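Asker: Got a predicted structure here, sequence first:
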Amino acid sequence: MTDTPPPLHEEPSHIGHLLEEALDHAEAAGTPTEGQQRGVVGLETGFEYLDWLIGGLEPGTLTVVASRPSIGRTTFLSDVARRNAIRNQQPVLVFTFEESTEAFIMRVLSAEARVARHHIRGGLMTDDDWTRLAKTVPVVASAPLFIQSPGRADMRFIADTTRDMIEEHDVQLIVVDGIQDIRPGKRSDLREREVGDIVRDLKTLARELNIPVLASSHLNRAAERRWGNRPELDDLRESGAITFAADTIILLHREDAYELDTPRAGEADLFVAKNRQGPTGTVVVAFQGHYGRFVHISKEDLESINAEAAKSMPPASDWLKDVFPKPPPAQ
Ligand SMILES: Nc1ncnc2c1ncn2[C@@H]1O[C@H](COP(=O)(O)OP(=O)(O)OP(=O)(O)O)[C@@H](O)[C@H]1O
């Protein structure tokens, strides 16, 4: 990391000094020029509208992605890891508790090469698949992407590994697949308290090392009993502490996971339900389960695919309507 991590117990600062720093920050961020991603101050997620909405993944913040099982949490995390490590050459460290390192790598390879996951796993590779894979392997192999699948680990292990990896490889983003799979440092009869400690430790890690942390969480079954099955913040399992500690919470939803003949088949909603630094809203992306990836869809494309969904596109925020067309021209 180039920035020095801010000490957590520094002396109180005078507002004049803090203001100067804040204005420097705003000046450095500048005004957008045409074609530039507006307002993205952190690392990109790779989903243009989502980056506009949340400002990217900022150093020192905790972003939590949550969904019901099999909706695509791991897919989303691997998309963000791929974007940063492979496309942007930013070193990324992934802790995956939900699958092996090999499974995670195959997921990355499949998404990057656009070769169906079941072709790789099931011996169904076509000539075209082999050609695409051959082209992609060297690109993926040389990317600064580090994956650790420790089975169950506690926060001490995660923090120590992260520190080492920052020192050795200048890691810029930590991805943790499965908050609920981290072993609590201190046992408690109350699961909520254990998860609370873990999530606060993740947040402290982000702040202490001045690095963005992106973590996934389960949701309880409440969405399944709700009309439309849309998840809400309150569905976060052992939720209270996650809702408080996270800076940004993104709830994933796919209508076609519940309703096979929905007109929105192939679409997924990234519902930004908490956004400490900005508005909430929903971003629609495409889900390509066979390649194990989500992809950006432009408003225009969405309109031609599915007029109904486009109409309701920002169900939550007017601000998004403003953002969807294009960044403003240069001043
Ligand atoms: N080869 C494939 N073709 C089509 N869809 C696939 C394929 N492989 C996986 N999927 C779909 O991908 C989804 C699972 O994605 P992912 O593993 O990212 O979900 P998750 O939310 O992390 O799941 P979990 O609850 O297991 O952690 C499922 O809907 C599954 O059916």
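Answerer: Here it is on my side, so go on.

Asker: As CSV, could you dump the C-alpha coordinates of the helix or strand hosting R193?
Answerer: Using DSSP states H and E, R193 maps to helix 191-209. These are the backbone C-alpha positions of helix 191-209, laid out as CSV (Å, rounded to 0.1, in the frame of the first residue of the first chain):
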residue,chain,number,x,y,z
ARG,A,191,-24.6,-16.4,17.8
GLU,A,192,-25.5,-12.8,17.1
ARG,A,193,-22.8,-11.6,19.5
GLU,A,194,-20.2,-13.9,17.8
VAL,A,195,-21.1,-12.6,14.4
GLY,A,196,-21.1,-9.1,15.8
ASP,A,197,-17.5,-9.5,17.0
ILE,A,198,-16.4,-10.9,13.6
VAL,A,199,-17.9,-8.1,11.6
ARG,A,200,-16.6,-5.4,13.8
ASP,A,201,-13.1,-7.0,13.5
LEU,A,202,-13.5,-7.0,9.7
LYS,A,203,-14.3,-3.3,9.9
THR,A,204,-11.4,-2.6,12.2
LEU,A,205,-9.1,-4.4,9.8
ALA,A,206,-10.3,-2.3,6.9
ARG,A,207,-9.7,0.9,8.9
GLU,A,208,-6.4,-0.1,10.4
LEU,A,209,-4.9,-1.2,7.1
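
Asker: who are the neighbours in contact with N220?
Answerer: N220 sits next to D235, L236, R237, S239 when contact means CB atoms under 8 Å, 6 or more residues apart in numbering. C-beta coordinates here come from the backbone N, C-alpha and C atoms, glycine included.

Asker: ok, of the residues you listed, which one's closest to the ligand?
Answerer: Nearest to the ligand, judged by CB to the nearest ligand atom, of the contacts of N220 is R237 at 12.1 Å.

Asker: quick one, phi/psi of the closest one?
Answerer: Backbone torsions for R237, taken as degrees, to the nearest 10, come to phi -70, psi 140.

Asker: ok so, going back, for the helix holding R193, buried residues please.
Answerer: In terms of neighbour count (16 or more other CB atoms under 10 Å), helix 191-209 has its buried residues at 193-209.

Asker: With stretch 210-226 instead?
Answerer: Using 16+ other CB under 10 Å as the test for burial, stretch 210-226 gives N210, I211, P212, V213, L214, A215, S216, S217, H218, L219, A223.
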